[in-house]
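Trainee: the following block contains a protein sequence and its predicted model.
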Amino acid sequence: DTGVSQNPRHKITKRGQNVTFRCDPISEHNRLYWYRQTLGQGPEFLTYFQNEAQLEKSRLLSDRFSAERPKGSFSTLEIQRTEQGDSAMYLCASNQVGQGDEKLFFGSGTQLSVL
Amino acid sequence: GDSVTQMEGPVTLSEEACLTINCTYTATGYPSLFWYVQYPGEGLQLLLKATKADDKGSNKGFEATYRKETTSFHLEKGSVQVSDSAVYFCALSYGGSQGNLIFGKGTKLSVKP
């Protein structure tokens, strides 16, 4: 078990470009979550998947954001037409719901800087 | 809406000092409460949790008691170590899944030898 893996660790982009992040959860986990964390703030929930189904989206997730988990394993988060306000740490987390302990495991995040 | 408020940091303590990080919450229902810790260069980790009023969560010498009457979940440790230096986040969630969390802003703790 290698934990929750996120790639890339850092991404620098210019305003208006599209970016995509990847999250590989712990293999047997059926739920996967995306959070955003800005400097000096706690993480804010964006969306989550149960297997391949996206079950909830925060109002923070504007139309420029899209997330997928096509085979119920890894997930991608895409931001189109990036803005400077999108600069943040994007965190992924996973857990197994419905079988005992539902402890949540976080990845180390992808730090996005929009210039 | 629901929210979590933590005491502002940073908090600087000497080794073996007592620690209290205050956390209060506003909730429409009966949430589960959590403390997460983020060590330098690492991802968030669950430190402890409590799922109902009067429950006490504990781990690694840290404790927190779910106080419904004061809507609080203060984190305490009797004797901190340098290795406890980290950012601590209080959080709440509803329902069976621990994944849809509302976090406080975090409190940075630095412990000096």
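Mentor: That came in fine, so what should we check first?
Trainee: so residue B:66 touches residue B:31, yeah?
Mentor: No: using C-beta atoms under 8 Å, residue B:66 is not in contact with residue B:31; the gap is 9.3 Å. C-beta: built from backbone N, CA, C; applies to glycine.
Trainee: which residues touch residue A:44?
Mentor: Residues near residue A:44 by C-beta atoms under 8 Å, 6 or more residues apart in numbering or on different chains: A:35-37, A:58, A:60, B:103.
Trainee: same thing but at 7 Å, please
Mentor: Contact analysis of residue A:44 by C-beta atoms under 7 Å, 6 or more residues apart in numbering or on different chains lists A:35-36, A:60.
Trainee: just the pLDDT at residue 53, thanks.
Mentor: No chain was given, so I picked chain A. Listed pLDDT for residue A:53 reads 94.
Trainee: meant chain B, my bad for not saying
Mentor: pLDDT, residue B:53: 93.
Trainee: right, and it touches residue B:66 too?
Mentor: Yes: if you go by C-beta atoms under 7 Å, residue B:53 and residue B:66 touch, sitting 5.4 Å apart.
Trainee: and the two? which has more neighbours close in?
Mentor: The neighbour comparison of residue B:53 against residue B:66 (other C-beta atoms under 10 Å in any protein chain shown) goes to residue B:66, with 21 against 12.
Trainee: burial measure for the residue lying closest to the more buried one once chain neighbours are set aside, as a count.
Mentor: Spatial nearest neighbour of residue B:66, excluding adjacent residues (C-beta to C-beta, 6 or more residues apart in numbering or on different chains): residue B:50 at 4.0 Å. Neighbour count of residue B:50, defined by other C-beta under 10 Å: 21.
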